[in-house]
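Participant: Got a predicted model here, sequence first, then my questions.
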Amino acid sequence: MKYLLEPALSVNPIHSDSITELYQDHHGWLHGWLRKKLGCSHQAADLAHDTFMRLLTREEPILIQEPRAFLTTVAQRVLANHWRRKQIEQAYFEMLVQHPEASVLSAEECAILLETLLEIDHLLNRLPLPVKRAFLYAQLDGMSHAEIAAELNISITTVKRYLIKAGAQCYFALVID
């Protein structure tokens, strides 16, 4: 069966019906596929849900001729984001262990901080790798422009350009949102 997904700036009935049919036909299969990948039925259910939510919020129309191949591709992206989030959470919790004074934050403050870190990571992942590395060296490691230039084997002028580009990426993303 072919599925036509219309733009979803707001979920329209045609789009919703297509997703409903796709969900009914393939949710069980997708859940099983994710369960094998994750080893956890609960996480698989969450990520299957996230996969279908991505489809509901798509802006461009698509014609799905191979639903399982399509769902696998979308679910792999959701799964990659899941693993990246786990890495960031782990690094955050390791930092808390190393800096107990940071542990005095409330649960709400910790959640907000973690979400902010995830958003910054998402924004920086849109940048070329050298730009991201320069920004992280400056912000996390406190390296000077000259140290970053030596580490990346680029000029100080290029380091400055990279830092401006990374800063603009974060700033303008916050202004737009």
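Facilitator: The structure has been received and is ready for your questions.

Participant: Name the spans of the protein whose pLDDT lies under the cut-off.
Facilitator: By pLDDT under 70, the low-scoring segments of the chain are 1-17, 102-103, 173-177.

Participant: which residue ranges form the strands in it?
Facilitator: With DSSP state E, the ranges of strands along the chain come out as 3-5, 62-64.

Participant: Now find how far off-centre the top helix by length along the chain is within its chain.
Facilitator: The single longest helix within the chain, with elements called by DSSP state H, is helix 67-98. Remark: helix 67-98 is offset 7 Å from the chain centroid, using Cα atoms, centre = their mean, to the nearest Å.

Participant: and it, what does it pack onto?
Facilitator: Helices and strands touching helix 67-98, by 3 or more Cβ pairs under 8 Å, 6 or more residues apart in numbering; DSSP states H and E, are helix 13-38, helix 41-56, helix 107-124. To be clear about C-beta, it is placed using only N, CA and C from the backbone, and glycine gets the same treatment.

Participant: Let me have those in a markdown table, extended by mean neighbour count and distance to Ser144.
Facilitator: Formatted as a markdown table, the helices and strands packed on helix 67-98 follow (neighbours: other Cβ atoms under 10 Å; distance: least, Cβ to Cβ, whole Å):
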| stretch | mean neighbour count | distance to Ser144 |
| --- | --- | --- |
| helix 13-38 | 16 | 42 |
| helix 41-56 | 17 | 41 |
| helix 107-124 | 13 | 20 |
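
Participant: mind checking which of those is nearest Ala69?
Facilitator: Nearest of the helices and strands packed on helix 67-98 to Ala69, taken as Cβ to Cβ: helix 13-38 at 10.8 Å.
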